[in-house]
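> What follows is a predicted protein model with its sequence.
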Amino acid sequence: MADVALRGVSKSYGNVDVIHDVSLDVEQGEFVVFVGPSGCGKSTLLRMIAGLEEVTQGDVLIGGARVNDTAARDRGVAMVFQNYALYPHMSVRENMAFGLRNIGTPRTEIDSRIAKAAEILQLDSYLDRKPRAMSGGQRQRVAIGRAIVREPDVFLFDEPLSNLDAALRVQMRTEIARIHHRLGATMIYVTHDQTEAMTMADRIVVLRAGVIEQVGAPLDLYERP
Ligand code: ADP
Ligand code: ADP
């Protein structure tokens, strides 16, 4: 069964059709990238998968369950945002622990998940720092760490590298690919950057004006005559 399934999904704001009749199956462990120009609806689609935005028509299924029928904490998704969305007054450790504390995860379990995430992300020596004393790349790592500790089945990334400089973007691409291999989780990643899509995706979904224009493996999409 597909891990994430979109079935005839549409979204309108008032009279404006932003997503139109999108259907897609994402398999367990797949790395799928939504790519397309600004305003084509990538972020809206991702937010509907996260359950952060209502679906106007159609269904979004995660592990076979309709997103709208599932409580947020049971959806098994975690989102990494472009602007990191960290709490500035909390340390890295507290940022990672916060969501887990709220759902009553035992302290020893929280500590062990943070230790594992910190090791994966090479953040061990930063756990007691505040985000404001860290670089953009380190902050984005913390944001990824906050998703990892939730142990989601599905990671959702919304343009996570757009605020980083070019060299760091290249480095973080490799890092996210490494995390994908290490965790084997399903990842859905939104970007307007074709190079990012080409280098990271198992499968690329090209969106244009709210519809799927093309779907395929990177080489199939861009290297055929
Ligand atoms: P992308 O992520 O590809 O840049 P978005 O999903 O952010 O595109 O936006 C798709 C379209 O939906 C844009 O035309 C945008 O202006 C519109 N849109 C997004 N959010 C809202 C909203 N809350 N109300 C009205 N229009 C919106
Ligand atoms: P936190 O915002 O730190 O997670 P909560 O656990 O109170 O604190 O989060 C509120 C709700 O939003 C929860 O039900 C949670 O499942 C959901 N949520 C929180 N963070 C994310 C995220 N990164 N991606 C998807 N859902 C999230």
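That came through fine. Ligands and ions are numbered 1, 2, ... in the order given.
> can you pull out the helices in this protein?
Under the criterion DSSP state H, helices of the chain are mapped to 42-50, 92-102, 107-121, 136-148, 166-183, 194-200, 218-222.
> would you turn these into JSON lines with mean neighbour count?
Any C-beta I mention is one placed from the backbone N, CA and C, and that applies to glycine too. Below are the helices of the chain laid out as JSON lines (neighbours: other CB atoms under 10 Å):
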{"stretch": "helix 42-50", "mean neighbour count": "22"}
{"stretch": "helix 92-102", "mean neighbour count": "19"}
{"stretch": "helix 107-121", "mean neighbour count": "16"}
{"stretch": "helix 136-148", "mean neighbour count": "23"}
{"stretch": "helix 166-183", "mean neighbour count": "15"}
{"stretch": "helix 194-200", "mean neighbour count": "18"}
{"stretch": "helix 218-222", "mean neighbour count": "14"}
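> Tell me which of those approaches G64 most closely.
helix 42-50 (14.2 Å; CB to CB).
> Kindly export that closest one (C-alpha atoms) in PDB.
Output of helix 42-50 as PDB, limited to C-alpha atoms (Å, rounded to 0.1, in the frame of the first residue of the first chain):
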ATOM      1  CA  LYS A  42       3.800  23.100  -3.900                       C
ATOM      2  CA  SER A  43       3.600  24.400  -0.400                       C
ATOM      3  CA  THR A  44      -0.200  24.200  -0.400                       C
ATOM      4  CA  LEU A  45       0.000  20.500  -1.400                       C
ATOM      5  CA  LEU A  46       2.600  19.800   1.300                       C
ATOM      6  CA  ARG A  47       0.500  21.500   3.900                       C
ATOM      7  CA  MET A  48      -2.600  19.500   3.000                       C
ATOM      8  CA  ILE A  49      -0.500  16.300   3.400                       C
ATOM      9  CA  ALA A  50       0.600  17.600   6.800                       C
END
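> What mean pLDDT does it get?
The pLDDT scores in helix 42-50 average 96.
> Is ligand 1 within reach of it?
Yes. Judged by CB under 6 Å from any ligand atom, helix 42-50 comes into contact with ligand 1 at 42-44.
> do you know how far the residue nearest the centre of the chain is from I49?
In the chain, the C-alpha closest to the average C-alpha coordinate belongs to L156, at a distance of 1.7 Å (CA atoms, centre = their mean). Distance, L156 to I49, by CB to CB, to the nearest Å: 6 Å.
> hey, what's in contact with both of these two?
Applying CB atoms under 8 Å, 6 or more residues apart in numbering, one finds that L156 and I49 are jointly contacted by 77, 188.
> wait, which of the helices of the chain is closest to ligand 2?
With respect to ligand 2, and counting by CB to the nearest ligand atom, the nearest of the helices of the chain is helix 92-102 at 2.8 Å.
> Check what pLDDT the closest residue to G145 other than its chain neighbours gets.
Using CB to CB, 6 or more residues apart in numbering and skipping residues adjacent in sequence, the residue nearest G145 is A117, 4.3 Å away. We have a pLDDT of 96 for A117.
> Same check on the one 10 residues further on?
What the model reports for L127 is a pLDDT of 97.
> Look up how far I176 lies from it.
For L127, the distance to I176 equals 21 Å [CB to CB].
> Need the CA coordinates for the lowest-mean-pLDDT helix or strand in the chain. PDB is fine.
Here the helix or strand of the chain ranked lowest by mean pLDDT, DSSP states H and E is helix 218-222, holding a mean of 85. Below are the C-alpha coordinates for helix 218-222, written out as PDB (Å, rounded to 0.1, in the frame of the first residue of the first chain):
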ATOM      1  CA  PRO A 218      15.300  12.400 -12.500                       C
ATOM      2  CA  LEU A 219      17.000  11.000 -15.500                       C
ATOM      3  CA  ASP A 220      13.800  10.200 -17.300                       C
ATOM      4  CA  LEU A 221      12.500  13.700 -16.900                       C
ATOM      5  CA  TYR A 222      15.500  15.800 -17.900                       C
END
